[in-house]
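using only what follows, build the 3D model:
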Amino acid sequence: MFSSRIVLNQQQIEAINWRNLQRMETELTDLQEEEMEVSPEQLQMMYHLDKLAQEPRYNKDGILYEEPFYEALKQQINTSVPDDIQPVQCAVAVQNALIRAWPTMAGSYRLDEIGELDRFAVSVLKLGEPVWIYCQDVSGLWSYIQNTQVCGWVLSDSLALEPDAWRWQQYCSSRDQVVVADSRRILEYVDFHGIAQKQMLMMGTRLPLYDATRDTFLIGLPIRDQRGNLATLQVMVPRDGSLVPGWMPISAQNIISQAKKMLGEPYGWGGSNFHRDCTSLVSDVYAVFGLLFPRNSRQQMQMFGIENCPVDSTQKYQFISSLMPGAVLYFPGHAMLYLGQTNGELEILHSVYAIGLPDKETLVPHKIRRVVEGHLHQQRVSGETLFDAVKAVWVPDHQKQFLDSGR
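All right, here's what the predicted structure looks like:
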């Protein structure tokens, strides 16, 4: 049984978020800054065109990408660069969208990962999420955007513009919201034209809340009007626990409850097919409490309140076993949620692509590709145990001491 003790209040959570937004290493962006401009030189640096073809990559059919493929992408991107400094546009996602490293839905795979790990995938942009639009490609089909965590390319029709920056900031900062607590929830509604529609709501999605009764919520669904601008459709939804007003209180019990809702779901590198990888699972779980996590493990390991593990194995075991369930365990390239100790085993929950399994004298990779429970003495594909690999932790109930010390 996990503790229901509340370990952080909302004021403390906001202080943690503020500190993480100030840390350049987390690469988080505060979208509520003053209206921003972007120069051609800044865009060129953000595009990272030099990283486009650093190793052999294949399409989903196993065909090697040749130079003409990359040159066509570079040309498509280069034509999007403005001639001079331009103000960014404010927008809101009107549907879930895949954020891509390049303006294409074509997958990019290593030879042993064809159809599994699309290296062009970056993240998922959730319905209702505010963004900046830096520019569009020459076709207008793709927009280069910045959300709080990352920048990348999304399909333009997944966004609605808000020309009034003040109204957009009010949308971003509104405290009257609901947050999606289910892993996924299908919202059925009727649009302005009387046509039945469906939207998938993912854990951590936030939407405006207009009214609440004992049995229902009246929420605002962002949509595009005929000019492509932001409008809001009011939708009545049952108060069935899949959406909660404000933020859920943070406790070990609630963290683990949220995480276990994802058990068995497919692994999704960079949000592929709208599934979660290891760090987006962590990020979505903590989003329901109002905590903002960076996108990948390298950035998350730079957060405020991160602690290094002892090097000595005995001390390390004692340190990890003393952590509250729901703490996050890290090593470069991976993140896991700690579940506690059972019969001496340190148990975890994570979204994992593969682990190592012994086979006679060797270790063979076993592709799990799921959100699963396990323990830290399982082996990685390299042969190292997860326990030995863990280097750092982020523990909710330790954060007060970091806040008090001003670290």
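
is residue 394 in a bridge, and if so with what?
residue 306, residue 328 (DSSP bridges).

surely it touches residue 305?
Yes. With contact defined as CB atoms under 8 Å, residue 394 reaches residue 305; the gap is 6.0 Å. (Each C-beta comes from the backbone N, C-alpha and C, glycine too.)

compare neighbour counts for those two and give me the winner.
Taking other CB atoms under 10 Å, residue 394 and residue 305 do not tie; residue 394 has more neighbours (24 against 18).

my read: residue 79 touches residue 136, true?
No. Taking CB under 8 Å as the definition, residue 79 is not a contact partner of residue 136, at 10.1 Å.

what about these two, which has more around it?
Remark: of residue 79 and residue 136, residue 136 carries more neighbours, 17 against 11, as counted by other CB under 10 Å.

show me the contacts for that one.
By CB atoms under 8 Å, 6 or more residues apart in numbering, the contact list for residue 136 reads 80, 142-144, 156.

among those, which ones are buried?
80, 142-144, 156 (16 or more other CB atoms under 10 Å).

export those to a markdown table and tack on secondary structure?
Shown next, in a markdown table, are these (DSSP: H, G, I helix; E, B strand; the rest coil):
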| residue | secondary structure |
| --- | --- |
| 80 | coil |
| 142 | strand |
| 143 | strand |
| 144 | strand |
| 156 | helix |
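
and which of those residues is nearest residue 333?
Distances from residue 333 to the buried ones among the contacts of residue 136, taken as CB to CB, are shortest for residue 144 (26.5 Å).

so where's the stretch 301-407 of the chain shaky on pLDDT?
359-360, 406-407 (pLDDT under 70).

recalculate using a threshold of 90.
In the predicted model of the stretch 301-407 of the chain, residues 356-366, 381-383, 404-407 satisfy pLDDT under 90.

can you pull out the helices in it?
Per DSSP state H, counting those that start in this stretch, the stretch 301-407 of the chain carries helices over the ranges 313-321, 386-389, 399-405.

nearest to residue 51, out of the ones you listed?
Going by CB to CB, the one of the helices of the stretch 301-407 of the chain nearest residue 51 is helix 386-389, 26.0 Å.

alpha carbons of that closest one, as PDB, please.
Presented in PDB, the C-alpha positions along helix 386-389 are these (Å, rounded to 0.1, in the frame of the first residue of the first chain):
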ATOM      1  CA  LEU A 386      19.900  -1.600 -14.400                       C
ATOM      2  CA  PHE A 387      21.000  -1.200 -10.700                       C
ATOM      3  CA  ASP A 388      24.700  -0.700 -11.700                       C
ATOM      4  CA  ALA A 389      23.600   1.700 -14.500                       C
END
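
pop out the phi and psi values for the residue sitting nearest the centre point of the chain.
With distances taken as CA atoms, centre = their mean, residue 280 lies nearest the centre of the chain, 4.0 Å away. Note on residue 280: backbone dihedrals following degrees, to the nearest 10 are phi -70, psi -30.

surely it touches residue 121?
No. If you go by CB under 8 Å, residue 280 and residue 121 don't touch, sitting 10.7 Å apart.

which neighbours do the two have in common?
The contact sets of residue 280 and residue 121 overlap at 268, 271 (CB under 8 Å, 6+ apart).

buried set for stretch 263-271?
265, 267-271.

do the same with stretch 321-329
323-329.

using CSV, list the CA coordinates for stretch 165-172.
Extracted C-alpha coordinates of stretch 165-172, given in CSV (Å, rounded to 0.1, in the frame of the first residue of the first chain):
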residue,chain,number,x,y,z
ALA,A,165,-0.8,37.8,-28.1
TRP,A,166,-2.6,39.0,-24.9
ARG,A,167,-5.5,36.5,-25.4
TRP,A,168,-3.0,33.8,-26.1
GLN,A,169,-1.1,34.5,-22.9
GLN,A,170,-4.4,34.5,-21.0
TYR,A,171,-5.1,31.0,-22.5
CYS,A,172,-1.6,29.8,-21.4
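
neighbours around residue 18, how many?
When neighbours are defined as other CB under 10 Å, residue 18 has 12 of them.

can you give me the offset of the helix or strand where it lies from its chain's centre?
Using DSSP states H and E, residue 18 sits in helix 10-22. How far helix 10-22 lies from its chain's middle: 18 Å, per CA atoms, centre = their mean, to the nearest Å.

for the remainder of this discussion, apply numbering that starts at 448.
All set: I'll call the first residue 448, so the last point we hit is now helix 457-469.

for residue 452, give me its contacts.
698-699.

now do the same for it: helix, strand or coil?
Assignment for residue 452 (three-state DSSP): coil.

ok, it to residue 771 distance?
To residue 771, residue 452 is 9 Å away according to CB to CB, to the nearest Å.

ditto for residue 646
35 Å.

do residue 778 as well
Residue 778 is 20 Å from residue 771, where distance means CB to CB.

quick one: low-confidence parts of the stretch 448-597 of the chain?
Using pLDDT under 90, the flagged stretches of the stretch 448-597 of the chain are 448, 479-484, 487, 489-501, 525-530, 533, 585.

which stretches in it count as strands?
All strands of the stretch 448-597 of the chain, identified by DSSP state E, counting those that start in this stretch, fall at 484-485, 533-534, 536-540, 544-547, 568-572, 577-583, 589-593.

so what strands line up beside the first one?
If I follow you right, that is strand 484-485. strand 533-534 (antiparallel).

same check on the third one?
Strand pairing for strand 536-540, determined by DSSP bridges: strand 577-583 (antiparallel), strand 606-608 (antiparallel).

quick one, it and strand 589-593 angle?
Going by axes from the mean of the first three to the mean of the last three CA atoms, to 10 degrees, strand 536-540 is angled at 100 degrees with respect to strand 589-593.
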